[in-house]
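Novice: structure here, sequence nowhere to be found:
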């Protein structure tokens, strides 16, 4: 039987990339090179799934004229990532992946919470968009879009639950967070306006109604 060691390394991708070891933030200087950080981010985007070495070659050295040396170069960058993470990397002749038994990755924690229906936990894990500093990297698009969609859905469900309990304070908080992630979410706007009215915050409700109308006009809808 395989036992996972106690996790000491945490990788954060939501709201910005960062690594902590034993509760201490790893400084930028520890990476030595931008390539090592990019490699770590690319592995994070894959979760625990293997990334083919050829994909990593193309990412890190897209214009290298001598591909015969790329295997050795990748090994150097992997050694940096292993050192920073204190392990956590599985590599074979064809691919590379994270060992999720030895590191904590917020993206996978988020996915597990969503799958198990622990929506409040998932919402707490999501501290912002996935790797916002890499908005124009194609490899980050799919995990970013999937995580955002799951986050919006979770917030919608939690907002509905809070509305059913007449918990106006919770509805206001959740609906505001929902609209930060999805400004055109009509259900979120309606929930927020209703909760503000019910909480006696009529001025704030009028402002929320005006914002809702503005967003609907942007979509060409005038009867919002």
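Specialist: Okay, I see it. Remember, it's a predicted structure, so these values are computed and weren't measured experimentally.

Novice: could you find the closest non-adjacent residue to residue 121?
Specialist: Of all residues not flanking residue 121 in the chain, residue 113 sits nearest, at 4.3 Å (CB to CB, 6 or more residues apart in numbering). The way it works is simple: take the backbone N, C-alpha and C, and place the C-beta from them, glycine included.

Novice: and the one you found, how many neighbours?
Specialist: Residues lying near residue 113 (other CB atoms under 10 Å) number 20.

Novice: quick one, phi/psi of it?
Specialist: Dihedral pair for residue 113: phi -70, psi -40, per degrees, to the nearest 10.

Novice: same check on the one 4 residues further on?
Specialist: According to degrees, to the nearest 10, the main-chain angles of residue 117 amount to phi 80, psi 20.

Novice: ok, residue 24 next?
Specialist: Taking degrees, to the nearest 10 as the convention, residue 24 sits at phi -110, psi 130.

Novice: for it, list each beta-bridge partner.
Specialist: Assessed by DSSP bridges, residue 24 has beta-bridge partners residue 21.

Novice: count of residues packed around it?
Specialist: Neighbour tally, residue 24, other CB under 10 Å: 8.

Novice: what do you get for residue 123?
Specialist: 21.

Novice: so which elements touch the strand or helix carrying it?
Specialist: Assigned by DSSP states H and E, residue 123 falls within helix 119-125. Where contact means 3 or more CB pairs under 8 Å, 6 or more residues apart in numbering; DSSP states H and E, helix 119-125 is packed against helix 106-115, helix 138-164.

Novice: how about these in CSV, adding mean pLDDT?
Specialist: Output for these, formatted as CSV (pLDDT from 0 to 100):
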stretch, mean pLDDT
helix 106-115, 98
helix 138-164, 96
